[in-house]
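[1] Generate coordinates for the sequence data below:
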Amino acid sequence: MVSRSYSNLFELASGDSPTFGRASKKLPRVATVAGVLSELDDDNSNSIGSDAPSSVSQERMIIVGNQLPLRAHRRSDGDDQGWNFSWDEDSLLLQLKDGLGEDVEVIYVGSLREEIDPSEQDDVAQTLLETFKCVPAFIPQELFSKFYHGFCKQQLWPLFHYMLPLSPELGGRFDRSLWQAYVSVNKIFADKVMEVINPEDDFVWVHDYHLMVLPTFLRKRFNRVKLGFFLHSPFPSSEIYRTLPVRDELLRALLNSDLIGFHTFDYARHFLSCCSRMLGLSYQSKRGYIGLEYYGRTVSIKILPVGIHMGQLQNVLDLPETESKVANLRDRFRGQTILLGVDDMDIFKGISLKLLAFEHLLTQHPDKRGKVVLVQIANPARGRGRDVQEVQSETSATVNRINRTFRRPGYEPVILIETPLHFYERIAYYVVAECCLVTAVRDGMNLIPYEYIICRQGTDKLDGTLGINSGAPKKSMLVVSEFIGCSPSLSGAIRVNPWNVDAVAEAMDSALIVSDAEKQLRHEKHYRYVSTHDVAYWAHSFLQDLERSCRDHVRRRCWGIGFGLGFRVIALDPNFKKLSIEHIVSAYRRTKNRAILLDFDGTMSPAQSSISTSPNAEAVGMLNNLCRDPKNVVFIVSGKDRKTLTDWFSSCEKLGIAAEHGYFLRPNHGSEWETCIAVPDFYWKQIAEPVMKLYTETTDGSTIEAKESALVWNYQYADPDFGSCQAKELLDHLESVLANEPVTVKSGQHIVEVKPQGVNKGLVAERLLVTMQNKGMLPDFVLCVGDDRSDEDMFEVIMSATAGPSLSPVAEVFACTVGRKPSRAKYFLEDTSEILRMLQGLASASEQTSRSVTQTPQRAIIDRE
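    Alright, predicted model coming up:
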């Protein structure tokens, strides 16, 4: 859909004056001045849900990449010194458009490869907007150099390819000024997106590691923006990634997306592991979809390798130039078998290792000399620096050594091509090569094998040029590194560890001697996959998942919290709201029969994990004030054991206590402990405890907490991944051995618990309300406060009771959770301090009432069984 801001850009481009029904803030067409931001916060930081809706119904996708899919050439004819622009047919951002459908309008946001003089930027922006629907982000050269050649290429790119800056020579040490430049450029890109977006309807698809913090800027401006991100590079393991000083900022920025895409499961697994270890987030897989719960939002994870553009390759295969080049190569290498390598000249492509393996092949197999040629096409490096120069020097030296050793008249073992080739020339090499070698030590995806497969399928004309029967089955062979993204999808390839030179040489030999029938089977399998999983399929699939991920946006209440790159959006049910202390105190004053149910750990005191901390004097005093009010029945409902709770609240004589999630219950200090359900014995502990001990011994950091009614295995201090894995195994193990026992096995936050069936905190709430009803004291005020999953049972009971006979028809019900998160509760308060402030307000109201009313003993309303 076309938004007001986008329409404004077109009107500006055409020279017309924009006309709107009401005054609106004008958006600049081009930001020509950019500085370095110290962090994220900007003047326009107010979060809004959307702009005014548009009346145009066409779906629209805004694609954001580091570079626009354009080629630019300076005109040099006559007095006209302007620019000529054309589409870059090799750009993935342009190719993916085929998968979005003709009914989807595509807008591109990115930078240009060429530096545009500030005096020309307005005219260039106007031309690109009118002609190509491209919005250029003009980055000052110095800032761009720090952003791209600095932070992206010296810090992120090496780290994502498993290269740590252990010394200044091995990648760049972290430089705060480069990080600031990275954030600044991402902010400029965000401003460009904001100029054209209609946030209520448009989808935004951000590409690659250059723009990893862009989602935070967009989510901050538009809380409900429909935002996808795809990472085209590897994502390293947590042991590597955690060394990055801004690791949390990048993770949280990515989590401001709705959908995050990766080429392989390994990359996604590493990302999820980082989220678990550094942010404490867990993920779930449901019906084939992986999702992370992040402040009420579900961030979906997609795993799908990108494909190639079939149409473009087919067009190049049909060119006369391609046919001519193939004929030339056929004649040049007649009687020889070609092994082909096509790589960028950088340290991660493993060119030197490939050359060493080929040298080993010729050494170990003298019969291959004079018959096998390695053609290595070395594309220009995308980065720059001493490491690139070292790779070039090593490659040239190795090639010269091999050629000196094995050269003979009419035979050059290795042909190194360092000059840029036309695309059709590269295609011609694919066509004539018997085997393609991709031995990168680390690479995000690498589409070279896919291109090779399609080119080996050939065309009728090329078959005629090579003297091949066009109806005959085609054949191809691939030797690929285990460490590249396309490897899992090429099941017919020979996979190798590129560091093992002997194994790579052996793989080369195997590829040469395999039978034609097997080559045909492998080729057919690969061709079927590559031709059906092309770039259009990839883009269409990503858009479908993005639409699914954003489906619930309109039904959620959203607001932003946090500063800088710690900003995130809370997305909750529209009926979920913050509890007004004034409102609950007012309801408290005008009611006569009050039921108050309070969790303790995490509610009245900060959660202390396994460390028990007794309640402070302030909390005990408030509870006593509430208990003294004859209109109140107050219960602490906790998972702690009854001895601990008895010691903690010994001075609260009128306080009711429910221990071990409601299994034990005591109406007041003078009463005996009761059980909510009858359990004849706990013989099942003799079965469960040895199993738990087994997992405790094998899981460092885990412990067993033995309660009277339950056993709890806690792995909070174990390795997150291993602990989670062991917890799943323990859960299955316990469910198996306790299948015929009257117990429930449940997993929680870093725990696995076994307890009698039917025991939960909801029992306490249900029993309290029913007993008050039987006593003729129908509650007209119910307050239930808790902070974790176990308290949800209480919330469910009291919320469902509003439609039943156990509450007064005019009852005021307050189910309140701690923190803004998905919950069955209707209300929330931010933290324990706000909970205590609310309880203090109620206690003060009771004190004021008690001054004018004669105090009577609190009613004991829970009967013993």
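
[2] How much space separates Ser487 from Val633?
    Computed with CB to CB, to the nearest Å, the distance linking Ser487 and Val633 is 65 Å. C-betas here are computed from N, CA, C, even on glycine.

[3] Of these two, which one has the most company?
    Ranked by neighbour count (other CB atoms under 10 Å), Ser487 and Val633 place Val633 first, with 28 against 24.

[4] For beta bridges, what are the partners of that one?
    Ala595 (DSSP bridges).

[5] distance of it from Lys707?
    As judged by CB to CB, Val633 and Lys707 stand 25 Å apart.

[6] Could I get the average pLDDT for the helix or strand hosting Leu665?
    If you go by DSSP states H and E, Leu665 is part of strand 664-666. For strand 664-666, mean pLDDT rounds to 91.

[7] likewise stretch 521-535?
    In the prediction, stretch 521-535 has an average pLDDT of 96.

[8] what does that stretch rub up against?
    Here stretch 521-535 makes contact (CB atoms under 8 Å, 6 or more residues apart in numbering) with 92, 95-96, 98-99, 305-310, 449-450, 453-454, 456-457, 473-478, 489-493.

[9] Mind giving me the ChimeraX select for those residues, buried ones only?
    One line in ChimeraX is enough to select the buried ones among these; burial here means 16 or more other CB atoms under 10 Å:
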select :92,95,96,98,99,305,306,307,308,309,310,449,450,453,454,456,457,474,475,476,477,478,489,490,492,493
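
[10] Just the contacts of stretch 521-535: which are in helices?
    Leu92, Gln95, Met310, Pro449, Tyr450, Ile453, Ile454, Arg456, Gln457 (DSSP state H).

[11] how near is the fourth one to Lys349?
    Think Pro449. Going from Pro449 to Lys349 by CB to CB gives 14 Å.

[12] now do the second one
    Look at Gln95 and Lys349: by CB to CB, they are 22 Å apart.

[13] what comes up buried for stretch 128-139?
    Applying 16+ other CB under 10 Å to stretch 128-139 flags Leu128, Leu129, Phe132, Lys133, Cys134, Val135, Pro136, Ala137, Phe138, Ile139 as buried.

[14] got it, and stretch 810-828?
    By 16+ other CB under 10 Å, the buried positions in stretch 810-828 come out as 811-828.

[15] try stretch 139-148
    For stretch 139-148, by 16+ other CB under 10 Å, it's Ile139, Pro140, Leu143, Phe144, Lys146, Phe147, Tyr148.

[16] OK, contacts around Tyr148?
    Applying CB under 8 Å, 6+ apart to Tyr148 gives the contacts Asn66, His210.

[17] Same check on Gly566?
    Taking CB under 8 Å, 6+ apart as the criterion, Gly566 is in contact with Asp248, Glu249, Arg252.

[18] Look at it and report its pLDDT.
    pLDDT recorded at Gly566 is 84.

[19] Distance check, the closest residue to Arg382 other than its chain neighbours against Ala440.
    Distance criterion CB to CB, 6 or more residues apart in numbering; nearest residue to Arg382, sequence neighbours excluded, is Asp344 at 6.3 Å. Using CB to CB, Asp344 is found at 9 Å from Ala440.

[20] Looking at the two now, which is surrounded by more residues?
    Using other CB under 10 Å as the criterion, Asp344 and Ala440 rank with Ala440 on top: 26 against 20.

[21] quick check, that one in a helix?
    No. Assessed with DSSP: H, G, I helix; E, B strand; the rest coil, Ala440 is coil; it does not lie in a helix.

[22] how close does it get to Lys354?
    9 Å.

[23] overlap in contacts of these two?
    The contact sets of Ala440 and Lys354 overlap at Pro498 (CB under 8 Å, 6+ apart).

[24] Might one say that Gly444 is in contact with Pro236?
    No. Shown here, Gly444 and Pro236 do not form a contact pair, counting by CB atoms under 8 Å, at 11.3 Å.

[25] Show me what secondary structure element comes after the helix or strand bottoming out on mean pLDDT in the chain.
    Taking mean pLDDT, DSSP states H and E as the measure, the chain has helix 4-14 as its least confident helix or strand, at a mean of 40. Going down the chain from helix 4-14, the next helix or strand is strand 59-67, by DSSP H and E.

[26] Report the distance from that following strand to the chain centre.
    Computed by CA atoms, centre = their mean, to the nearest Å, the chain-centroid distance of strand 59-67 equals 19 Å.

[27] For that strand, which strands pair with it and how are they oriented?
    Sheet pairing of strand 59-67 (DSSP bridges) gives strand 104-111 (parallel), strand 203-207 (parallel).

[28] quick one: average pLDDT of the last one?
    Going back to what we said before, that points to strand 203-207. Strand 203-207 shows a mean pLDDT of 97.

[29] just the CA coordinates of that strand, formatted as CSV?
    Provided in CSV are the C-alpha atoms of strand 203-207 (Å, rounded to 0.1, in the frame of the first residue of the first chain):
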residue,chain,number,x,y,z
PHE,A,203,6.2,-5.9,5.0
VAL,A,204,9.9,-5.1,5.5
TRP,A,205,12.6,-7.6,4.7
VAL,A,206,16.1,-6.8,5.9
HIS,A,207,19.1,-8.6,4.6
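
[30] Contacts made by it with the rest, please.
    Here strand 203-207 has contacts from 59-66, 92-93, 193, 197, 214-215, 218, 225-230, 232, 257, 542-543, 546-547, 550, using CB under 8 Å, 6+ apart.

[31] For Tyr295, grab the count of nearby residues.
    Per other CB under 10 Å, the neighbour tally for Tyr295 reads 20.

[32] ok, now which ones touch it?
    Ile561, Arg568, Val569, Ile570, Ala571, Arg820, Lys821.

[33] filter these to the buried ones?
    Using 16+ other CB under 10 Å, the buried ones in the contacts of Tyr295 are Arg568, Val569, Ile570, Ala571, Arg820, Lys821.

[34] Tell me the confidence at the fourth one?
    Ala571 is assigned 77 on the pLDDT scale.

[35] Where does it fall, secondary structure wise?
    Per DSSP H and E: Ala571 is located in strand 568-572.

[36] Quantify the burial of Asp258 by counting its neighbouring residues.
    For Asp258, the neighbour count with other CB under 10 Å is 27.

[37] Was I right to think it contacts Arg224?
    No. Here Asp258 does not reach Arg224: they are 9.7 Å apart, not a contact under CB under 8 Å.
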